[in-house]
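Engineer: I would like the atomic coordinates for the input below:
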Amino acid sequence: MKNIFASHRIRGPWIAGALLPLLAAPAMAVDLATADGKWTFSIDGNVNADYVYSNCQNPKSAVAIDGGLTCVGSANGNNVSSVDNGLLPAAFVFGVATTQDGIDIAAHLGVYPGIDTHTGGNPNGAGTNDALGTAGLDVRQVYATFGNKEMGTVLIGRQIGLFGADVILNDMTLLGVGAPGGAASAAPGNTTLGGIGFGYIYTDWLAQINYTTPDFSGFNVTIGIFNPIDSLTNADDALPKKAPGFHAKAAWTIPIADGTKLYFSATAITQQQDYESAALGTYSYTGTGFDVFGKFDLQDFELVGYYYHGTGLGTTGLFAYSDDGFGNKRDSDGYFAQATYKFGPVKLGVNYGQSNLDWAGAADQLNDPGLVHANKKITGGLYYSVTKNLTLLAEGSSVKSDAHIGGTNSATTFNLGAFVGF
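Structural biologist: Below you'll find the model as predicted:
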């Protein structure tokens, strides 16, 4: 098994938290006259940076946890400082839109530069924080939509997935840092973990084709297929997939009164994994999962709740640690809760999340005794909107990773930062 979350070397960037710049102010737009009609051009995005300080688990007392997300100190000490992007890297998203023959057509391209140096310009993986390096550029979003209110909307291209999307888009640490991930290492990554792996699995960016129904009094359904992805933790040779992955989502917004509303959603995901090894030959297993999300808005108070369950779905990232390396599926689940309140320009919030992973069976228990049992995090945050485009923030987080065989690694993180959205 590949250990991509070794507690002493967390490589957060592969699950980079770069998410939609929907948190920014409305996109700036201009109209462009072309030979075949009028197009609207828009750009939105953000630039952010945080000072991140982590006090990691002392290596002398640390437990080796396969899949643990808690940082562990080094020979240089237990404290780690960095200047880093938060859960979101910088983002510049360009869009064009028009209406032709009653059909609304739009296309978007999102590019995501980080601020941390990576040798060779790789924004999402290995590299060192050397002089004369570059941050690299991550192009993860390119998609188009077409449809209208009567026929619904079709989406084609690379866009955020359905499973786990609502929870991360409503995680208050999306503007900040949350769990430090690669920020607590010798080579800080372009993004931190936020709440990824602590109550929810990263939704990821997927090549997909989706159809969303028209809105029926606040209710709609999205169904679609996506390009199947391999497990990052299965060391066997991945084989071509016989079928795409499938996902679906139902969402319902219920207005109650002015400033008060309920929102519910539920999603499902399934995909077959296919591998070949010298010991087993070819083998397959199907990963499945579902989640439920709810949000209650009452004027300036907001309450969020979330739960997921998977079989062969894994933890932290889609299909990571989803099997024991022999096609035997592991069960996983997690939950996330958050409460925030706004006092004028100031928002205070707290959230807690926990992700659990089970052994696949007795053989898995013998082969991987140090498998992570649970990753847990609690975060308190203060977010001050200096203007509608500028937010200053401070967060404190406590992170714990428990091993199945017993023992816990613990760490704390504090960050101060600024977020400019446009």
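Engineer: so what's the residue count around Asp402?
Structural biologist: Residues near Asp402, counting by other C-beta atoms under 10 Å, number 21. C-beta coordinates here come from the backbone N, C-alpha and C atoms, glycine included.
Engineer: try Asp138
Structural biologist: Number of residues near Asp138 (other C-beta under 10 Å) recorded here: 23.
Engineer: doesn't Asn190 make contact with it?
Structural biologist: Yes: with contact defined as C-beta atoms under 8 Å, Asp138 counts as touching Asn190 (7.1 Å).
Engineer: correct me if wrong: Pro59 contacts Gly73.
Structural biologist: Yes: here Pro59 reaches Gly73: they are 5.1 Å apart, a contact under C-beta under 8 Å.
Engineer: which one of these two has more residues nearby?
Structural biologist: For Pro59 and Gly73, the more surrounded residue by other C-beta under 10 Å is Gly73, and the numbers stand at 21 against 15.
Engineer: compute the distance between Ala374 and Ala362, please.
Structural biologist: Per C-beta to C-beta, to the nearest Å, Ala374 is found 20 Å from Ala362.
Engineer: who's more crowded, those two?
Structural biologist: Ala374 (18 against 8).
Engineer: give me every residue that touches that one.
Structural biologist: Contacts for Ala374 (C-beta atoms under 8 Å, 6 or more residues apart in numbering) come out as 354-357, 400-402.
Engineer: sitting in strands, which of the residues you listed do you find?
Structural biologist: Within those, membership in strands is found for 354-357, 400-402, as judged by DSSP state E.
Engineer: now list the buried members of the residues you listed.
Structural biologist: Buried members of the ones in strands among the contacts of Ala374, scored by 16 or more other C-beta atoms under 10 Å, are 354-357, 400-402.
Engineer: which residues in the chain form helices?
Structural biologist: 165-169, 362-367 (DSSP state H).
Engineer: what does the first one contact?
Structural biologist: Okay, so that is helix 165-169. By C-beta under 8 Å, 6+ apart, helix 165-169 touches 17, 19-20, 22, 174, 194-196, 199-200, 202-203, 249, 251, 265, 267, 291, 293, 295, 304, 306, 336.
Engineer: swap in the last one?
Structural biologist: Here helix 362-367 makes contact (C-beta under 8 Å, 6+ apart) with 324-326, 328, 330, 359, 371, 404.
Engineer: Ile115: which of those is nearest?
Structural biologist: Leu371 (34.1 Å; C-beta to C-beta).
Engineer: how near is that closest one to Lys249?
Structural biologist: Separation of Leu371 from Lys249 (C-beta to C-beta) stands at 30 Å.
Engineer: same thing with Gly95?
Structural biologist: Taking C-beta to C-beta as the measure, Gly95 falls 22 Å from Lys249.
Engineer: repeat for Gly281
Structural biologist: Look at Gly281 and Lys249: by C-beta to C-beta, they are 36 Å apart.
Engineer: low-confidence stretches in the stretch 1-150 of the chain?
Structural biologist: Low-confidence segments of the stretch 1-150 of the chain, defined by pLDDT under 70: 1-37, 118-127.
Engineer: tell me where it has strands.
Structural biologist: Per DSSP state E, counting those that start in this stretch, the stretch 1-150 of the chain has strands spanning 28-34, 37-55, 79-84, 91-100, 103-113, 137-148. These are given in chain order.
Engineer: so which of the ones you listed gets nearest Tyr341?
Structural biologist: Evaluated over the strands of the stretch 1-150 of the chain, closeness to Tyr341 peaks at strand 37-55, with 22.5 Å, by C-beta to C-beta.
Engineer: return the list of helices and strands in contact with the closest one.
Structural biologist: Under the contact criterion of 3 or more C-beta pairs under 8 Å, 6 or more residues apart in numbering; DSSP states H and E, strand 37-55 touches strand 28-34, strand 79-84, strand 91-100, strand 408-421.
Engineer: most tightly surrounded among those?
Structural biologist: strand 408-421 (a mean of 20; mean count of other C-beta atoms under 10 Å).
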